[in-house]
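*Asks:* got a structure for you, letters missing:
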């Protein structure tokens, strides 16, 4: 009988440690969300382009929304990329069609760097940008709804969609880099799925 009590105590202690560990891991999975507004400044000294950008890190993958004036009019989305500390490097599928590659330093207060249109090489398709942080209370209703939806636990469907975008962003030319990228995507997908099943 004492052996059964010891086994029950061990099982209870293990269960409590597992729950505490999952709770601690869950707090480390909190999404990093940032909003910026500012101007794209083309290298050909054309007029500045006003933009609004919302970035969110979901299980290590960068996702978000993009709004801009002409020539990148309309709403777009971050199609692939990464946010490592204060370094951001990602692609945006704009509402008007062109894909922009933005890379630079992104802090809580400012996001600045260089951009270029991936399918063109002329001076009008590249330039620099400086975007200031946009406080959450100044966000419009659609961004507030997006933020509320983003703060909820991800569904398995969102995990699959995020994994697909991650895999599409992997390099294809180098098999070693593609393998490492696919493994990282798979690891993020597993983490996302486990987080989705916890809620």
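*Replies:* Happy to help now that I have it. Everything numeric here is computed off the predicted structure, so don't read it as measured data.

*Asks:* hey, let's count contacts and neighbours off CA atoms from now on
*Replies:* Fine.

*Asks:* Would you quantify the distance from residue 104 to residue 82?
*Replies:* Going from residue 104 to residue 82 by Cα to Cα, to the nearest Å gives 11 Å.

*Asks:* joint contacts of those two?
*Replies:* Contact criterion Cα atoms under 8 Å, 6 or more residues apart in numbering; residues shared by residue 104 and residue 82: 88, 89.

*Asks:* mind listing the helices for the chain?
*Replies:* 2-28, 141-151, 156-168, 175-198 (DSSP state H).

*Asks:* residue nearest the centroid of this structure?
*Replies:* residue 62 (1.7 Å; Cα atoms, centre = their mean).

*Asks:* what does the model give that residue for pLDDT?
*Replies:* If you check residue 62, the pLDDT there is 76.

*Asks:* I figured it was touching residue 54, is that so?
*Replies:* No. Using Cα atoms under 8 Å, residue 62 is not in contact with residue 54, being 10.3 Å away.

*Asks:* Now stretch 187-199: average pLDDT?
*Replies:* Here the average pLDDT along stretch 187-199 is 77.

*Asks:* List the buried residues in that stretch.
*Replies:* Buried residues in stretch 187-199, counted by 16 or more other Cα atoms under 10 Å: 188, 189, 190, 191, 192, 193, 195, 196.

*Asks:* Next, find the distance separating residue 162 from residue 73.
*Replies:* 25 Å.

*Asks:* which one of the two has more residues nearby?
*Replies:* Ranked by neighbour count (other Cα atoms under 10 Å), residue 162 and residue 73 place residue 162 first, with 24 against 17.

*Asks:* I'd like to know how many residues surround the closest residue to the more buried one other than its chain neighbours.
*Replies:* The spatial neighbour of residue 162 that comes closest, neighbours along the chain excluded (Cα to Cα, 6 or more residues apart in numbering), is residue 61 at 7.4 Å. Per other Cα under 10 Å, the neighbour tally for residue 61 reads 19.

*Asks:* now residue 122
*Replies:* 11.

*Asks:* so where is the chain shaky, pLDDT-wise?
*Replies:* 1-32, 60, 136-153, 198-199 (pLDDT under 70).

*Asks:* what about the closest residue to residue 193 other than its chain neighbours, distance to residue 190?
*Replies:* Take residue 193 and drop its neighbours on the chain: the residue closest to it by Cα to Cα, 6+ apart is residue 156, 5.9 Å away. Per Cα to Cα, residue 156 is found 10 Å from residue 190.

*Asks:* again with residue 51
*Replies:* 34 Å.

*Asks:* same deal with residue 112?
*Replies:* Taken as Cα to Cα, the span from residue 112 to residue 190 is 33 Å.

*Asks:* ok, residue 191 touching residue 58?
*Replies:* No. The criterion here is Cα under 8 Å, and residue 191 misses it with residue 58 at 10.5 Å.

*Asks:* Endpoint to endpoint, stretch 43-63 covers what distance?
*Replies:* Using Cα to Cα, the two ends of stretch 43-63 sit 27 Å apart.

*Asks:* Thanks again, I'm all set now.
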